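Novice: here's my sequence, what's the structure:
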Amino acid sequence: WIGGFCNLTVYHCSASSVIYEVAQAHNDLINSIIVVPTPEGDQIWTGSNDRTIKIWKASDGTQIRSLGVHTSRVTCLLNFGPHVWTGSWDKSIIIFDSQSHQPIYELNEHEDSVKVLLTTRRSQHDEEGHDISLVLVTSAGFDGLVCQWSYAHDHFSDNWLQNIAQEKAEFVKSMKERQQKRLDELGETVEKEL
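Specialist: As a prediction, the model looks like this:
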């Protein structure tokens with residue numbers, strides 16, 4: 001699947017040929033395309049400058065749904081576990097249930113447009129000293145802020161949602177302290193060099 005200005009093209013990579021095109025899939029530039037596996041077959045989610053997220057059947061390009069939840073262009077999409085995360089120029093990240101297509105949570109931590117959503121892993125020790133691997137969802141925005149949330153889709157609950165803000169606040173505070181320390185160290189280095 002290749003997105004362009006309004007149109008989607010389904011391309012067969014090994015045969016180097018176009019399978020089919022979806023004309024006027026969106027009313028503006030398509031910024032992001034992801035594959036979302038479902039029991040009924042793969043779905044393609046697209047995000048566009050027209051402020052919509054559209055969901056398509058991967059098998060034939062039939063549109064399943066159009067979601068108009070963002071108030072500005074949709075810049076990035078991330079499929080992770082049973083959820084789809086969407087980022088926008090409206091500064092928000094909206095988390096959807098990938099099966100029902102319903103929004104289940106909105107994050108408003110960025111002060112400018114959300115540019116990137118991705119997953120990363122981090123290892124740490126639990127209270128008993130065992131190594132555990134955390135999956136983090138990371139967002140980066142035009143505000144220069146990188147936000148991370150610990151995430152375990154099998155433990156997704158209201159309790160997890162309530163902890164997001166607390167963890168985010170601690171992360172931002174920690175990040176600002178590290179940035180200030182780096183700036184202080186840089187200043188000392190520059191003074192020594194002068």
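
Novice: list phi and psi for the nearest residue to Phe80 once chain neighbours are set aside.
Specialist: Ranked by CB to CB, 6 or more residues apart in numbering and with sequence neighbours excluded, the top spatial neighbour of Phe80 is Thr119, at 5.6 Å. C-beta: built from backbone N, CA, C; applies to glycine. For Thr119, the backbone dihedrals (degrees, to the nearest 10) come out as phi -110, psi 150.

Novice: quick one: secondary structure of the residue nearest to the spatial centre of the chain?
Specialist: Computing the C-alpha centroid of the chain and ranking residues by CA atoms, centre = their mean puts Leu117 first, at 3.1 Å. Classification of Leu117 using DSSP: H, G, I helix; E, B strand; the rest coil returns strand.

Novice: separation between the spatially closest residue to it that is not a sequence neighbour and Val36?
Specialist: Spatially, and ignoring its direct neighbours in sequence, Leu117 is nearest to Leu78 (3.9 Å; CB to CB, 6+ apart). From Leu78 across to Val36, the span is 10 Å (CB to CB, to the nearest Å).

Novice: quick one on the thing from earlier: distance of the residue nearest to Phe80 from Ile95?
Specialist: Distance, Thr119 to Ile95, by CB to CB: 13 Å.

Novice: what about these two, which has more around it?
Specialist: Between Thr119 and Ile95, counted using other CB atoms under 10 Å, Ile95 has the larger neighbour count: 22 against 15.

Novice: which residues in this structure form helices?
Specialist: With DSSP state H as the criterion, the chain has helices at 158-193.
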